[in-house]
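Peer 1: missing the sequence, but the structure's below:
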């Protein structure tokens, strides 16, 4: 596969999972695109952590993305670390893992690799492409790069470009990884090491940006963790000495579990791909340009308290789609849970997905409840 | 000095600077409290960096905090690293620097140490106490702990408690420092080392929280840095490979200059003091309690785009002061520059300070323009 940067990668491996059955007409396939640290285990327990699939509340029999009706595909992104070609893979030229020498990739590369998978599965046109956060960047890129292959597109909690603030947070993540004594210039595996502390710091910081201030306050407030020998009866300020706030304990846990399942070089590669993302810039500043004459049906979704990918950024995409004459609906879900809301129990969001997919299925001539 | 945690510190050193002259009636002293990484060099060039004082646009002859009229005092906080007793100081018991053994301190301790300085300077009652961010926490604490010594108080861009989100950001900062190979369990000076990369990561992350998304976008957008051999003529996505976004370069600069002037153990000590801060919790949840019967005149100021210390947190303080029957005015300055706005050129803010100080001076019976 030829990447945008000019490097050729071969062989290309894309790890994926499917759920449900492809119809005889091959017209019921839905591609789900995962976010920065997601993977292909969207609707089944994760093989490493044993935790439920990251969107198991959304994808399955009778759920909004109904696997009794749709053939659902989810693949690990190019550059990832759950089986798809990425920094952990062997470089054919050197016979050693790519590590930091893995070439820079873009959303276009990630989507082009997925298109090869869709070819391989014998699907010409996807009924829908759906994804949140970086997954939404992929959805938008699919609609821009392969308009004839996307009947319906649902970019969720995302943006048509990565903002200065988001680039800034990603850069701090990267610097945290580089600062780790086990980083070894990216060749940590040669030393049987992982830059666990740096990667944990990166994850902890990112995790704060996934939640709203309200969600953090409601979940933890200023409660201190009381366990074992350090427990103190009084709650006044001095008794806090030596205690840990619950939010700290939670973040440390998030950081330490993350490093067991994610590769630092993949984190660097994928955050870079997000930072490069800017569809308008590729079209002389005209975001409408890639969507002119598109027949894809769009449903753009944002969440009111998402400050990482705020509604204003979704609106820019919606306005451009309107300028392009595309078929677009836009829903801002009222939620105080921040960016993560797209992964949580939000009934209005479930109804939005169900409604959009039902409407699109009707227009596509898909028979209801039948493969 | 006896700290809240029970530890006794002696001797206590407080480094300070003064500007202007104390009036014969000793009634024109203004104490300025600095923020997390500030210091006593409020209105003169910093001795290490050579940069102008951190509030030199606000404090000086003819400026809103007019040193022709007021006697301005600014001291380095207890726990700091610019001359006041802190982790770098020698512990009398061991004869070695405190380092990580420096006792945990609170805003009450910081303010109590300042009160000793004010005693030393022969000032009974301060005409005003003014400060932003963590400086505002000190202002509020001054008014709570020494109401009879504070004629006017101006807590700016601050909160009566440190929120879960702010604790979370501080915790990530601390973990970044701990992750540095040069941390040496806090005894880095014994190894002639400093945890520069970890401290830089902490500073970089904190810096993002000081700016609004709008300010970052306006300042940097998605511009890439073009200099030397890596400069490319085209601005399309692929040409970004190998480039650095301007916001990244800026953050790296912020991080690297910071480590030259700030001590990691001080950063840990002071961020902890901020995290402990919760005035209401110390009074059974009643934030009004410490201000009942207070005769201090308050002016609470927030900035509309400040997401680190949002207006909602200032409002909680204002409401409590109103419940307590205190004399309080509240101003939200319309600005899109985020938390840092209190340090920047904001004419409405200047007018607010001038107006409040003039009004208070009149009530205090200070003669205009005369010492």
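Peer 2: Right, received. Where do you want to start? Worth saying up front: this structure is predicted, and the values here are computed from it rather than measured.

Peer 1: so where do the helices sit in the stretch 1-150 of chain A?
Peer 2: In the stretch 1-150 of chain A, helices defined by DSSP state H, counting those that start in this stretch lie at A:107-120, A:134-145, listed in chain order.

Peer 1: now render these as a markdown table, adding distance to residue B:289, mean neighbour count and mean pLDDT.
Peer 2: Using the backbone N, CA and C atoms, a C-beta is placed for each residue, glycine as well. Shown next, in a markdown table, are the helices of the stretch 1-150 of chain A (distance: least, C-beta to C-beta, whole Å; neighbours: other C-beta atoms under 10 Å in any protein chain shown; pLDDT from 0 to 100):
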| stretch | distance to residue B:289 | mean neighbour count | mean pLDDT |
| --- | --- | --- | --- |
| helix A:107-120 | 54 | 20 | 98 |
| helix A:134-145 | 48 | 26 | 98 |
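
Peer 1: which of those sits closest to chain B?
Peer 2: helix A:107-120 (7.8 Å; C-beta to the nearest C-beta).

Peer 1: what is the closest one packed up against?
Peer 2: strand A:29-33, strand A:71-75, helix A:134-145, helix A:264-276 (3 or more C-beta pairs under 8 Å, 6 or more residues apart in numbering or on different chains; DSSP states H and E).

Peer 1: show residues contacting that helix.
Peer 2: A:1, A:3-4, A:12, A:14, A:16, A:29, A:31, A:33, A:73, A:75, A:77-79, A:84-85, A:126, A:137-138, A:141-142, A:145-146, A:149, A:273-274, A:276-277, B:237 (C-beta atoms under 8 Å, 6 or more residues apart in numbering or on different chains).

Peer 1: redo that, cut-off 7 Å
Peer 2: Contact with helix A:107-120 is made by A:1, A:3-4, A:12, A:14, A:16, A:31, A:75, A:77-79, A:126, A:137-138, A:141-142, A:145-146, A:273, A:277, as judged by C-beta atoms under 7 Å, 6 or more residues apart in numbering or on different chains.

Peer 1: one more: stretch A:341-357?
Peer 2: So stretch A:341-357 is contacted by A:54-55, A:57-58, A:64-65, A:128, A:132, A:154, A:156-157, A:299, A:301, A:303, A:306, A:331, A:333, A:335, A:337 (C-beta under 7 Å, 6+ apart).

Peer 1: chain B contacts on the stretch 251-371 of chain A?
Peer 2: A:251, A:275, A:276, A:278, A:281, A:282 (C-beta under 7 Å from any C-beta of the partner chain).

Peer 1: buried subset of those residues as a ChimeraX selection?
Peer 2: The following ChimeraX line selects those of those that are buried, judged by 16 or more other C-beta atoms under 10 Å in any protein chain shown:
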select /A:251,275,276,278,281,282
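
Peer 1: reformat the residues of the stretch 251-371 of chain A next to chain B as JSON lines; add distance to residue A:212 and pLDDT.
Peer 2: Listed next are those as JSON lines, based on distance: C-beta to C-beta, whole Å; pLDDT from 0 to 100:
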{"residue": "A:251", "distance to residue A:212": "15", "pLDDT": "94"}
{"residue": "A:275", "distance to residue A:212": "23", "pLDDT": "97"}
{"residue": "A:276", "distance to residue A:212": "27", "pLDDT": "96"}
{"residue": "A:278", "distance to residue A:212": "26", "pLDDT": "97"}
{"residue": "A:281", "distance to residue A:212": "29", "pLDDT": "95"}
{"residue": "A:282", "distance to residue A:212": "32", "pLDDT": "95"}
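
Peer 1: and the residues of the stretch 251-371 of chain A next to chain B, which two are furthest apart?
Peer 2: The distance between the two most remote of those (C-beta to C-beta) is 36.3 Å, for A:251 and A:282.

Peer 1: strands - which of the contacts of stretch A:341-357 land there?
Peer 2: Applying DSSP state E to the contacts of stretch A:341-357, the entries found in strands are A:65, A:128, A:132, A:154, A:156, A:299, A:301, A:303, A:331, A:333.

Peer 1: can you tell me which of those is nearest chain B?
Peer 2: Distances from chain B to the ones in strands among the contacts of stretch A:341-357, taken by C-beta to the nearest C-beta, are shortest for residue A:303, at 15.8 Å.

Peer 1: got the angle between the longest helix along chain A and strand A:29-33?
Peer 2: Counting by DSSP state H, the longest helix found in chain A is helix A:347-364. Helix A:347-364 runs at 140 degrees relative to strand A:29-33, counting by axes from the mean of the first three to the mean of the last three C-alpha atoms, to 10 degrees.

Peer 1: tell me which residues in helix A:347-364 are buried?
Peer 2: Buried-residue list, helix A:347-364, by 16+ other C-beta under 10 Å: A:349, A:350, A:352, A:353, A:356, A:357, A:360, A:361, A:364.

Peer 1: show the average pLDDT along it.
Peer 2: If you average the pLDDT over helix A:347-364, you get 97.

Peer 1: and what of stretch A:147-154?
Peer 2: 98.

Peer 1: so what touches it?
Peer 2: Residues outside stretch A:147-154 that contact it (C-beta under 7 Å, 6+ apart): A:124-130, A:139, A:142-143, A:294-299, A:301, A:356, A:360, A:364.

Peer 1: low-confidence regions, the stretch 201-350 of chain A specifically.
Peer 2: A:226-242 (pLDDT under 70).

Peer 1: how far does stretch A:155-162 sit from its chain's centre?
Peer 2: 10 Å (C-alpha atoms, centre = their mean, to the nearest Å).

Peer 1: any idea how far apart the tips of that stretch sit?
Peer 2: 14 Å (C-alpha to C-alpha, to the nearest Å).

Peer 1: ok, back up a step: just the buried residues of the contacts of stretch A:147-154.
Peer 2: Members of the contacts of stretch A:147-154 classed as buried by 16+ other C-beta under 10 Å are A:126-130, A:139, A:142-143, A:294, A:296-299, A:301, A:356, A:360, A:364.

Peer 1: okay, the nearest residue to residue A:187 once chain neighbours are set aside: pLDDT?
Peer 2: In this structure, residue A:187 finds its nearest non-sequential neighbour in residue A:99, 5.2 Å apart by C-beta to C-beta, 6 or more residues apart in numbering or on different chains. Per-residue confidence at residue A:99 stands at 95 (pLDDT).

Peer 1: and residue A:99, what does it touch?
Peer 2: Residue A:99 touches A:87, A:186, A:187, A:189, A:265, counting by C-beta under 7 Å, 6+ apart.
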